[in-house]
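Engineer: I would like to see how this sequence folds:
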Amino acid sequence: MTNQDALAEKTGGPVKADGVPVKNQASTPREGYRFSASTGEKIPLWLIVLLSLAIGGFVAWQFADDWNRQWYRFLSIKRAKDGDRAGAIRALEVLMALPSEKSSYDPAKDPTLLGEMAEAYLAIDPKKAEEFARKAQANRTNVPVNEQNDAPPPRDFSTQIGRALFLQGNRQEAEKMFLAGLTTDQLDPMANFYMGEIEYKRGNYLKAGDYFKVVARNPAFESTVKKYYAEIEQKLFAGAAKD
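Structural biologist: Residues are numbered from 1 along each chain as shown. Here you go, the predicted model:
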């Protein structure tokens with residue numbers, strides 16, 4: 001037996017004259033093919049690509065609603081923060097129309113989304129704002145639970161309804177809503193501010209001052225309250241001078 005034959009027997013395949021094993025050409029896949037690990041058969045690349053696209057499409061379809069929900073939620077919050085009320089309304093409309101994963105939850109009756117719709121409409125259409133605020137109040141317990149199956153405490157929308165009524169000029173009904181809001185939260189800044197304005201216009205300056213002092217250091221109301229304080233002081237001193 002020659003040295004070449006001995007090497008061939010040892011390596012399990014043919015060798016060249018210099019002792020280097022000859023590669024098995026049959027084991028190298030042709031371009032455009034891949035081997036199946038289970039069967040050893042060649043799988044065309046086009047089939048692999050097709051299967052990958054099909055799997056990717058299925059995953060995208062499964063999570064499409066969730067992605068849409070997160071995207072439009074981001075848009076609604078950002079546009080409201082930027083003062084784009086019309087844009088926030090459009091995003092909320094889409095968000096509330098999306099199907100829910102949970103049968104017990106209806107986004108069209110989500111009080112948080114309804115309240116945000118009311119807030120966006122306040123400066124555009126107070127009547128529409130009242131409509132959404134009342135829907136939010138009617139559905140205030142319709143909130144999704146968290147992973148621990150706990151729901152947050154229901155929010156009261158009385159003050160928001162009152163603001164919409166106030167902007168429509170219905171101060172009598174607005175006052176009832178503000179007082180209802182203060183029953184739930186005595187420190188409600190909006191309710192205290194609007195009640196201060198109502199009492200000021202009635203000439204009840206001391207009562208107005210009591211409401212205003214709750215929001216006197218609130219950056220959203222501070223400058224306006226200072227003006228009211230100056231006017232109240234002037235009117236009280238003017239009355240005292242006459243006496």
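Engineer: quick one: L167 from K207, how far?
Structural biologist: As judged by C-beta to C-beta, to the nearest Å, L167 and K207 stand 22 Å apart. Heads up, the C-betas are built off the backbone N, CA and C, glycines and all.
Engineer: E231 too?
Structural biologist: Using C-beta to C-beta, E231 is found at 15 Å from K207.
Engineer: which residues in the protein form strands?
Structural biologist: Along the chain, the stretches classed as strands by DSSP state E are 33-35, 42-44.
Engineer: quick one: mean pLDDT for the last one?
Structural biologist: Just to be clear, that refers to strand 42-44. Mean pLDDT, computed over strand 42-44, is 69.
Engineer: what's the answer for stretch 195-211, then?
Structural biologist: Here the average pLDDT along stretch 195-211 is 96.
Engineer: any idea how far apart the tips of it sit?
Structural biologist: This stretch, stretch 195-211, spans 7 Å end to end (C-alpha to C-alpha, to the nearest Å).
Engineer: in stretch 151-163, what counts as buried?
Structural biologist: The neighbour-count check on stretch 151-163 (16 or more other C-beta atoms under 10 Å) flags R155, D156, F157, S158, T159, Q160, I161, G162, R163 as buried.
Engineer: do stretch 117-128 as well
Structural biologist: Under 16+ other C-beta under 10 Å, the buried positions of stretch 117-128 are M117, A118, E119, A120, Y121, L122, D125, P126, K128.
Engineer: same thing with stretch 184-194?
Structural biologist: Residues D188, M190, A191, N192, F193, Y194 are the ones in stretch 184-194 that count as buried (16+ other C-beta under 10 Å).
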